[in-house]
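Asks: This is a predicted model, with the sequence first.
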Amino acid sequence: LNWSAATDDTGVTAYNVYRCSENDDHFTKIGTVATQTYLDNNLLYATGYQYYVTAADAAMNRSRSSDTVVISTGTRPAGSGSNDPGPDVPQDEQMQEELPPGAGSFLDISHHWARDPIIKLSSQGIVSGYPDNSFKPDRSITRAEFVAILAKALEYDLKAGQYFSDTEGHWARDYIAAARSRNIVHGYSENEFRPDAFITREEMVAMIAMALGLSSDQTESVFVDEADISQWARAYVATAYRQKIIQGYPDGSLKPHFHSSRAEAVSIILRALDL
């Protein structure tokens, strides 16, 4: 990616690059650079992507978003394997050595904005990757996956509890029951949790706030799309923002009904653990 230089009275110090694939419904920050060029190595074959860039100055003021650029990647050459994410250029030994201890063998996070949180929680055994040695940081995360990570992070005792009927035989059943016993999850009804549905950003924030026992009496408006936040989630969102657990998007929005990515979930859980 290449773009024209931005101008500012105090001088532009950085450019933030955001990406959204055709498989996701939101943009994710993928990198920060000091120049007007960014190389994105973590792409799928035969997939469409959108990008935009914002500029920041020394006072941490941010510009409006640039125009969106749309690109599509080519198809994988015959005989080269499945359509798993990975760099177009093979990772050599030098790149592997640059990954800090605890990074495991995740091949798709070396230039990702959430690399450090992923490495930290992975080294603690709280998150894990896929059999192909990827983490898939920009993939949407399910309600079950998020609850399991949260339960591991907070070291919940997985004692028998009250189960949702739609978690019968599910791999995350005990994690969900442990969270339910602590009134962190409530489900869509007494019997329905929808473990394999993707978690929304407001659901994720509410679970984090309840898990930490944060006060839910904050009602101030902090995001430009406040009206889109469900009434039941607004106090949790305001509290989490005040505690700096969430920050929102560069345009001042939360996008409460967008699905959270695996990277976003890991980053937010780590911020919560640091409180």
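Replies: Thanks, I have it.
Asks: Moving C-terminal from the lowest-mean-pLDDT helix or strand in the chain, which element do we reach first?
Replies: Every helix and strand of the chain was ranked by mean pLDDT, DSSP states H and E. The lowest is helix 93-98, at a mean of 30. Proceeding N to C from helix 93-98, the next assigned helix or strand is helix 115-123, under DSSP states H and E.
Asks: Now the element after that following helix, going C-ward?
Replies: That would be, after helix 115-123 and using DSSP H and E, helix 143-153.
Asks: Okay, angle between that following helix and helix 115-123 too, please.
Replies: If you take axes from the mean of the first three to the mean of the last three Cα atoms, to 10 degrees, helix 143-153 sits at 70 degrees to helix 115-123.
Asks: Run the chain-centre distance for helix 143-153.
Replies: 13 Å (Cα atoms, centre = their mean, to the nearest Å).
Asks: Measure how the very next helix or strand once past that helix sits relative to helix 143-153, angle-wise.
Replies: Per DSSP H and E, the first helix or strand lying C-terminal to helix 143-153 is helix 173-181. Interaxial angle, helix 173-181 versus helix 143-153 (the same axes, to 10 degrees): 80 degrees.
Asks: Quick one: mean pLDDT over helix 173-181.
Replies: Confidence for helix 173-181, expressed as mean pLDDT, is 94.
Asks: quick thing: my sequence starts at 345, can you match it?
Replies: OK, 345 is where the count begins now, so the last one is helix 517-525.
Asks: who does it touch, helix- and strand-wise?
Replies: Contacts defined by 3 or more Cβ pairs under 8 Å, 6 or more residues apart in numbering; DSSP states H and E place helix 517-525 against helix 487-497. For glycine as for every other residue, the C-beta is placed from the backbone atoms N, C-alpha and C.
Asks: Output the helix it packs on as CSV, nothing but the C-alphas.
Replies: Provided in CSV are the C-alpha atoms of helix 487-497 (Å, rounded to 0.1, in the frame of the first residue of the first chain):
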residue,chain,number,x,y,z
ARG,A,487,-19.4,-16.8,22.1
ALA,A,488,-18.1,-20.2,23.3
GLU,A,489,-14.5,-19.3,22.4
PHE,A,490,-14.6,-16.0,24.2
VAL,A,491,-16.1,-17.5,27.4
ALA,A,492,-13.5,-20.2,27.4
ILE,A,493,-10.6,-17.7,27.1
LEU,A,494,-12.1,-15.5,29.8
ALA,A,495,-12.6,-18.5,32.1
LYS,A,496,-9.0,-19.6,31.6
ALA,A,497,-7.7,-16.1,32.1
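Asks: List the neighbours of it that are in contact with it.
Replies: 465, 469-471, 502, 511, 514-516, 519-520, 522-523, 528-529, 537-543, 547-548, 551-552, 555, 604, 606, 609-610, 613, 616-617 (Cβ atoms under 8 Å, 6 or more residues apart in numbering).
Asks: again, only this time at 6 Å
Replies: 470-471, 516, 519-520, 522-523, 539, 541, 543, 555, 609, 613, 617 (Cβ atoms under 6 Å, 6 or more residues apart in numbering).
Asks: Ok, stretch 517-535 next?
Replies: 491-492, 495, 500, 502, 505-509, 511, 537, 551, 554-555.
Asks: which residues of the stretch 395-544 of the chain score low on pLDDT?
Replies: 404, 419-449, 504 (pLDDT under 70).
Asks: List the residues that contact Pro600.
Replies: Here Pro600 is in contact with 545-546, 572-573 (Cβ under 6 Å, 6+ apart).
Asks: Oh, that last question was meant for Trp457, not what I typed.
Replies: Trp457 neighbours (Cβ under 6 Å, 6+ apart): 373-374.
Asks: what's the spacing between it and Ile612?
Replies: 13 Å (Cβ to Cβ, to the nearest Å).
Asks: what do you get for Val361?
Replies: 20 Å.
Asks: what's the neighbour count on Ala497?
Replies: As a burial measure, Ala497 scores 19 neighbours (other Cβ atoms under 10 Å).
Asks: let me fix that: Asp618
Replies: Counted with other Cβ under 10 Å, Asp618 comes out at 8.
Asks: Also Thr398?
Replies: 20.
Asks: Gln575 now?
Replies: 6.
Asks: Now do the contacts for Arg459.
Replies: Ile453.
Asks: In stretch 607-617, which residues are buried?
Replies: Of all the residues in stretch 607-617, those buried under the rule 16 or more other Cβ atoms under 10 Å are 607-616.
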